[in-house]
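> what follows is a predicted structure for the sequence shown.
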Amino acid sequence: PKVIYTQPDGTERVIEGTAGDSVMRTAVRNGVSGIVGQCGGVLSCATCHVFLDEAHADDFPPPGEDEDDMLDGAATERRPNSRLSCQLKLAAWQEVRVTIPESQL
Ligand code: FES
């Protein structure tokens, strides 16, 4: 899978990820700044907040109740396309574009 991370200033990084990893894990492994993943992916931090490109919205299951609750407390105000990237598990075929919010903490 491929993930294109766009920083708030518009700079992009394209990462070739591993199937089964999340968008959060892929960022942390590759040193993509702005995705913290403090809780390690167990839905208790919201420091993995991203804006998921609308074109890929249907490629993932919709947010569960816990994710939805955590997004309400994200450091950067949520938008309709906000997701917690630890919940976005990548399949081999996927190419996903996400934008990183201004702040996570
Ligand atoms: Fe903590 Fe995603 S890494 S909620």
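Everything's here; your move.
> wait, Q7 touches I100, no?
Yes. Taking contacts as C-beta atoms under 8 Å, Q7 lies within contact range of I100: 5.6 Å. In short, each C-beta sits where N, CA and C put it, glycine included.
> can you pick out the residue with more neighbours from these two?
Using other C-beta atoms under 10 Å as the criterion, Q7 and I100 rank with I100 on top: 24 against 15.
> against the ligand, how distant is E54?
21 Å (C-beta to the nearest ligand atom, to the nearest Å).
> contact partners for the residue of the chain most remote from its centre?
Going by C-alpha atoms, centre = their mean, the residue of the chain most distant from its centre is W93, 17.4 Å out. By C-beta atoms under 8 Å, 6 or more residues apart in numbering, the contact set of W93 is P1.
> same thing but at 10 Å, please
Residues in contact with W93, defined by C-beta atoms under 10 Å, 6 or more residues apart in numbering, are P1, K2, A19, D59.
> over to T47?
Contact analysis of T47 by C-beta under 10 Å, 6+ apart lists 24, 34-39, 70, 74-75, 84-86, 103-105.
> list buried residues within those residues.
Neighbour counting by 16 or more other C-beta atoms under 10 Å classes M24, G34, I35, V36, G37, C39, M70, A74, L84, S85, C86, Q104 among those as buried.
> let's see which of the contacts of W93 end up in strands.
K2 (DSSP state E).
> any idea which of the contacts of W93 is closest to E12?
Nearest to E12 among the contacts of W93 is K2, at 11.8 Å by C-beta to C-beta.
> distance-wise, check the closest residue in space to the closest one that isn't next to it in sequence relative to C48.
Nearest non-adjacent residue to K2, counting by C-beta to C-beta, 6 or more residues apart in numbering: E95, 4.5 Å away. E95 sits 19 Å away from C48, going by C-beta to C-beta, to the nearest Å.
> what about F51, how many neighbours?
Residues within reach of F51, counting by other C-beta under 10 Å, total 19.
> tell me the phi and psi of the residue nearest the centre of the chain?
Residue closest to the mean C-alpha point of the chain, counted by C-alpha atoms, centre = their mean, is S85 at 2.7 Å. According to degrees, to the nearest 10, the main-chain angles of S85 amount to phi -70, psi -10.
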